[in-house]
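*Asks:* structural data only, the sequence is not supplied:
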């Protein structure tokens, strides 16, 4: 890798500023500055592609790096679908969207292989030209390992094989970390990768900016639905990435009926792509008047969750977004482990099904846990 200064390159909406490999921040640089000469800037790339919940869980890594090394150039390589969460994020200088989902669709076409090879080759060239000094692979997959290798970074940090979702990921890293036994939650496991950089992980901070326009639109919507300032908004989200992670709609109906009977409680039913039918079934089958959320983008969803006093959801991205915003959260877990993947922070709780199925998690148990979280919130604890 050449040590001469590299030129600025354009990655569509994300710019790249390159520089020679330095493993420490220059002395005396105390403020983050986009005007820092490229030959003085250490460049770090975070590789965490998806899903939404996993990207949210990785946000404290970016916050810890920016807090400890304010002068470095920090980039994040992420799937196109999760790009909106990171675009214009104040802790990041560059966000590099990739679309491996599109690649998988294209490769099924007769000429798709050639097209995908071309796209991957161009992406590799752009990432390599950025001149990263360090790459952190938080994903632990073969595809994230390839992207980590594409950076050409002299130091490529990842998990040991027993902590990778795909053990072959280790072929692409040269410094491997085994998280300590006490790092049970995935957030703490991600933060363990900062060890080789000498960056302390705490305090754990999530930073999710919400544009004022998105907040105003959602405030207007809730006002139109009769929401008053004294009301407690409880959001429920019936969707999940896999069918075996979805709590039955009938269980959600019973939960909504019970919570909506509480004084000043309004229930909002959220939904994402291909989930509106479940949301309507909950609203229409409930004896209480539940509010059906409008179609939202990611920022509008975040605005609704920040306004909520409680979020009840399956193990899915919106649950973890609510937790990152400081909203009280109740996660419903069957096949996945609540202790590893539950809502992070003092206002979150994960309920684990006793038999590993979502149907096995009784509505009465969820109701009592939700009421307890609401009471804690009202009491300011």
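*Replies:* All right, it came through fine. All figures in this text were calculated on a predicted structure; none of them were measured in a lab.
*Asks:* show me the helices in the stretch 251-381 of the chain, by range?
*Replies:* In the stretch 251-381 of the chain, the helices defined using DSSP state H, counting those that start in this stretch lie at 276-285, 298-307, 317-324, 338-341, 363-378.
*Asks:* list the buried residues in the shortest one.
*Replies:* By neighbour count, with 16 or more other CB atoms under 10 Å as the criterion, the buried positions of helix 338-341 are 338, 341. Quick note: C-beta positions are derived from backbone N, CA and C, even for glycine.
*Asks:* circling back: among the helices of the stretch 251-381 of the chain, which is nearest residue 233?
*Replies:* Of all these, it is helix 298-307 that lies closest to residue 233, at 5.9 Å by CB to CB.
*Asks:* per-residue confidence averaged over the closest one?
*Replies:* For helix 298-307, the mean per-residue pLDDT is 97.
*Asks:* quick one on the thing from earlier: for the helices of the stretch 251-381 of the chain, which one ends up most surrounded?
*Replies:* Mean neighbour count (mean count of other CB atoms under 10 Å) peaks for helix 317-324 among the helices of the stretch 251-381 of the chain, with a mean of 28.
*Asks:* just give me how far it sits from the chain centre.
*Replies:* Offset of helix 317-324 from its chain centre (CA atoms, centre = their mean, to the nearest Å): 8 Å.
*Asks:* angle of that helix against helix 298-307?
*Replies:* Helix 317-324 and helix 298-307 are oriented at 50 degrees to each other (axes from the mean of the first three to the mean of the last three CA atoms, to 10 degrees).
*Asks:* ok, back up a step: redo the helices of the stretch 251-381 of the chain as JSON lines? Include distance to residue 349.
*Replies:* Putting the helices of the stretch 251-381 of the chain into JSON lines (distance: least, CB to CB, whole Å) gives the following:
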{"stretch": "helix 276-285", "distance to residue 349": "21"}
{"stretch": "helix 298-307", "distance to residue 349": "16"}
{"stretch": "helix 317-324", "distance to residue 349": "10"}
{"stretch": "helix 338-341", "distance to residue 349": "8"}
{"stretch": "helix 363-378", "distance to residue 349": "6"}
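*Asks:* so which of these gets nearest residue 220?
*Replies:* helix 298-307 (10.7 Å).
*Asks:* flag the shaky bits of the protein, pLDDT-wise.
*Replies:* 1-41, 380-381 (pLDDT under 70).
*Asks:* that one: strands as residue ranges?
*Replies:* 9-11, 14-16, 43-47, 73-79, 94-98, 134-137, 155-159, 175-177, 232-237, 265-269, 291-292, 310-314, 328-333, 348-352 (DSSP state E).
*Asks:* TSV for those strands, including mean neighbour count and distance to residue 192?
*Replies:* What follows is those, written out as TSV (neighbours: other CB atoms under 10 Å; distance: least, CB to CB, whole Å):
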stretch	mean neighbour count	distance to residue 192
strand 9-11	14	29
strand 14-16	19	27
strand 43-47	28	14
strand 73-79	25	18
strand 94-98	22	24
strand 134-137	28	11
strand 155-159	23	9
strand 175-177	17	6
strand 232-237	25	30
strand 265-269	23	36
strand 291-292	18	41
strand 310-314	27	27
strand 328-333	26	22
strand 348-352	20	20
